[in-house]
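1. output the structure for:
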Amino acid sequence: MKRAILGILLILFMTVISFGCQAMTDEAGAKQSTAYYVAVNGSDKNPGTKQKPFRTLKKAASMAKAGATIYMRGGTYEEKLVVRHSGTKKAPVVFQAYGKEKPVISGASLKGNQADGGLVTIDQKSYITLKGLTVGHLKTNQEDLTPVGIFIKGSGKGVKLLNNRVYDIQTKHKNGNAHGIAVYGTKAPAAIEDIEIKGNTVEKLKLGFSEALVLNGNVKKFRVAHNTVRHTDNIGIDLIGFENVAPSKKYDQVRNGVVSRNKVYEITSAGNPAYGSDISAGGIYVDGGKDIVIDHNISHHNDLGIEVTSEHKGKMADRIRIEHNQVYLNRYTGISIGGYDKKRGGTTNTTISHNILYKNDTAGLEGGQLLMQYQAVNNRITNNIMSASASHYLVVNLYQVNQKNTFQKNVYDDRKGAKASQWIWRGKWIEGYKTYLSKSGQDKGSAHLNPQFVNEKKYDFRLKKSSPAKKIIGS
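-> Numbering: from 1, shown residues only. This next block holds a predicted model:
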């Protein structure tokens with residue numbers, strides 16, 4: 001009986017202790033969810049409430065610990081934002097615009113070396129969200145400075161960039177570099193991972209040798225989606241490996257991610273001081289990345305629509321899936337795989353399927369709709385629709401070394417007729433669709449026909465119900 005009573009008392013005691021611990025945990029959780037406000041008419045002597053906001057981003061960042069949300073009121077903040085503290089998965093640190101107000105982080109007043117690095121910097125931090133901010137006006141004319149709108153570097157997890165605008169980031173030096181958004185995984189083995197870059201607008205940039213939105217080095221498990229990248233003078237979205245950004249070669253490669261439903265347009269290197277008159281800027285570029293899906297993007301009026309390769313000899317972009325993209329009216333080519341010369345690497349184990357490649361090669365550079373350059377090996381090209389521009393070039397396969405590539409169930413379209421279509425297969429020029437089939441031995445189940453788009457003038461590339469292309473390419 002005494003044992004039973006003692007047991008009951010012990011259960012009651014443990015229940016009270018458990019309830020007390022839970023209450024303490026709930027109280028701690030409640031304390032973690034803290035809101036602070038910052039406004040251009042505030043004061044850093046204030047408590048950071050809505051009625052009495054902070055004045056500077058520096059003060060706000062010092063207070064922004066796990067669970068804190070910094071609400072930025074409208075106006076221009078002429079200072080850098082350096083994120084000081086990490087959040088947790090359940091209690092991230094959030095910097096966001098208040099309501100529909102438009103806070104601007106501006107580098108217009110930053111001079112000299114202050115123009116180097118990020119206007120917003122997230123260095124070795126995890127679980128940070130930036131939402132609804134405008135970041136811009138950072139410029140330099142010095143070669144050794146690299147202005148960046150939003151810069152994520154080191155290692156970390158769970159960073160989200162949502163619905164921000166990054167613009168007017170510029171290098172004016174002919175050998176300079178600049179980025180709109182840059183994610184650099186500079187540690188190993190710890191990576192930058194579980195990154196989401198969604199709904200941002202990146203525009204009006206002068207980039208020199210660099211890129212508008214770039215992931216480089218030890219970066220994995222990422223999603224770049226629903227962004228608009230436009231009006232820049234070099235590459236739009238870039239996924240890079242093998243540049244010695246990470247300290248270990250084993251980890252120095254962007255991998256295991258998705259680039260989806262982005263709009264990328266008006267990208268050209270022509271007029272960029274670093275490139276002169278060259279037409280070489282890709283809308284979306286995989287430079288040495290691996291295990292990446294590029295799907296449902298729209299890439300138009302760029303130099304190249306989508307490019308997948310490696311710029312480093314002996315290295316390859318590997319296992320890339322390019323699917324369901326609309327790629328049209330780009331100057332040099334629609335989709336390019338393989339290195340641009342023998343000093344580069346190439347592309348392997350890549351699938352190009354269910355894409356619309358429409359009247360690219362507008363500059364008449366004989367890049368066609370699909371360009372295969374040096375070291376394009378063991379790739380699969382299937383179920384695409386390719387419509388020729390006035391150049392008449394469809395597939396341009398430049399090198400004999402391009403082996404083990406498979407073409408099948410594609411629809412080809414030259415409005416001047418199948419006999420007018422132009423091809424290059426392993427370095428040899430071919431005229432006419434039937435001759436191409438004979439010489440290449442490729443494209444089983446393919447056809448040359450008008451795909452019958454719903455409205456070409458409005459770039460509505462859905463197929464009409466009567467389209468004969470449906471039977472060939474499927475869904």
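2. give the contact list for Tyr285.
-> With C-beta atoms under 8 Å, 6 or more residues apart in numbering as the criterion, the residues that contact Tyr285 are Glu211, Ile235, Gly236, Ile237, Asp238, Leu239, Leu304, Ile306, Glu307, Val308. Where you see a C-beta, it was placed from the backbone N, CA and C, and this is true even at glycine.
3. let's go with 6 Å and repeat that
-> Tyr285 sits next to Ile235, Asp238, Glu307 when contact means C-beta atoms under 6 Å, 6 or more residues apart in numbering.
4. quick one: the helices in the stretch 301-450 of the chain, in order.
-> Counting by DSSP state H, counting those that start in this stretch, the segments of the stretch 301-450 of the chain that form helices are 433-440.
5. what is the nearest of the contacts of Tyr285 to Val159?
-> Proximity of these to Val159 was ranked by C-beta to C-beta; the top entry is Asp238 with 17.9 Å.
6. what is the helix or strand containing the closest one packed up against?
-> For Asp238, the enclosing helix or strand under DSSP states H and E is strand 237-240. Helices and strands in packing contact with strand 237-240 are listed as strand 213-217, strand 282-287; criterion 3 or more C-beta pairs under 6 Å, 6 or more residues apart in numbering; DSSP states H and E.
7. looking only at pLDDT, what's the mean for it?
-> Taken as a whole, strand 237-240 has an average pLDDT of 98.
8. Provide the strand pairings for the helix or strand following that strand, with the direction of each partner.
-> Using DSSP H and E, the helix or strand that directly follows strand 237-240 along the chain is strand 255-260. In its sheet, strand 255-260 lies beside strand 219-225 (parallel), strand 290-295 (parallel), with partners assigned from DSSP bridges.
9. export the contacts of Tyr285 to CSV and append columns for neighbour count.
-> Shown next, in CSV, are the contacts of Tyr285 (neighbours: other C-beta atoms under 10 Å):
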residue, neighbour count
Ile235, 29
Asp238, 23
Glu307, 29
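10. who does the residue nearest to Ala115 when sequence neighbours are not counted bridge with?
-> Closest residue to Ala115 in three dimensions, ignoring its sequence neighbours and counting by C-beta to C-beta, 6 or more residues apart in numbering: Thr140, at 4.1 Å. Each beta-bridge partner of Thr140 is listed here: Thr171, as defined by DSSP bridges.
11. tell me how far Thr140 lies from Thr134.
-> Shown here: Thr140 relative to Thr134, a distance of 20 Å by C-beta to C-beta, to the nearest Å.
12. quick one on the thing from earlier: compile the strands paired with strand 255-260 into TSV and extend it with columns for mean neighbour count.
-> Listed next are these as TSV, based on neighbours: other C-beta under 10 Å:
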stretch	mean neighbour count
strand 219-225	22
strand 290-295	21
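13. I'd like the contacts of Tyr285 laid out as a markdown table, including distance to Ala225.
-> What follows is the contacts of Tyr285, written out as a markdown table (distance: C-beta to C-beta, whole Å):
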| residue | distance to Ala225 |
| --- | --- |
| Ile235 | 18 |
| Asp238 | 16 |
| Glu307 | 19 |
